[in-house]
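Peer 1: Give the three-dimensional model of this entry:
(2 chains)
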Amino acid sequence: QKEVEQNSGPLSVPEGAIASLNCTYSDRGSQSFFWYRQYSGKSPELIMFIYSNGDKEDGRFTAQLNKASQYVSLLIRDSQPSDSATYLCAVNPGTGGSYIPTFGRGTSLIVHP
Amino acid sequence: NAGVTQTPKFRILKIGQSMTLQCAQDMNHNYMYWYRQDPGMGLKLIYYSVGAGITDKGEVPNGYNVSRSTTEDFPLRLELAAPSQTSVYFCASSSLGGDQPQHFGDGTRLSIL
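Peer 2: Down below sits the predicted model:
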């Protein structure tokens, strides 16, 4: 069974700090990786995706992928109170299978002023 | 651009009643999904569809049915509502390909009393 693991948190960081969110996955053949942000009472929204090993930066967000170690992380620089939300990691299987992602349970992030 | 539209946003049902949760997307996406999310939990896949006329069970299909007669619409049917089906239901869609993210609707908050 494909699994995606995230620390449920909450992860509490002060405003302006770097928040580091981690995700590990069991399917070694996984090809694409997504981070969604979900505010309380709202639906998930895509904030980052990454397909290749290494780092991918988009504004204050950096996604990091290490396929050999089977983990993907999300760094949020200069964290703001508006970043307080639950962050969901989603992993899509490799080619040849149905494109059904596996979601982690999410990490709750709290950014305090 | 409406994206993924879910109706209704809220609903209260009595035990044993039936209802259909509507989902429509205007992005010409092949893949559509139904998830439920219980408080403090991650997303659990109920059913998915890879195209019109094709549906398949996800992780928690019992008590639900779906149909996909068009590319745009993917309704979810609850036949005999039970308290265990109290949850928030999200519909999502994605274009063909394992490297594509999901687009979520705003959700339907359903209570069974």
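
Peer 1: wait, A:Trp35 sits on A:Ile47?
Peer 2: Yes - between A:Trp35 and A:Ile47 there is a contact at 5.3 Å, judged by C-beta atoms under 8 Å. C-betas here are computed from N, CA, C, even on glycine.

Peer 1: which non-adjacent residue is nearest the closest residue to chain A within chain B?
Peer 2: Nearest to chain A, among the residues of chain B, is B:Gly42, at 3.7 Å (C-beta to the nearest C-beta). Counting by C-beta to C-beta, 6 or more residues apart in numbering or on different chains, the nearest residue to B:Gly42 once its immediate chain neighbours are dropped is A:Arg105, at 3.7 Å.

Peer 1: And B:Ile54, by the same measure?
Peer 2: For B:Ile54, the spatially nearest residue (C-beta to C-beta, 6+ apart) is B:Arg68, at 6.7 Å.

Peer 1: In contact with that neighbour, which residues?
Peer 2: B:Met32, B:Ser49, B:Gly51, B:Ala52, B:Gly53, B:Ile54, B:Thr55, B:Phe74 (C-beta atoms under 8 Å, 6 or more residues apart in numbering or on different chains).

Peer 1: Next: A:Phe61.
Peer 2: A:Trp35, A:Ile47, A:Met48, A:Leu74, A:Leu75, A:Ile76, A:Arg77.

Peer 1: try it again with 10 Å
Peer 2: A:Ala19, A:Trp35, A:Arg37, A:Ile47, A:Met48, A:Leu74, A:Leu75, A:Ile76, A:Arg77, A:Asp83 (C-beta atoms under 10 Å, 6 or more residues apart in numbering or on different chains).

Peer 1: One more: A:Ser12?
Peer 2: Neighbours of A:Ser12 in contact, by C-beta under 10 Å, 6+ apart: A:Ala19, A:Ser84, A:Ser108, A:Leu109, A:Ile110, A:Val111, A:His112.

Peer 1: No further questions, thank you.
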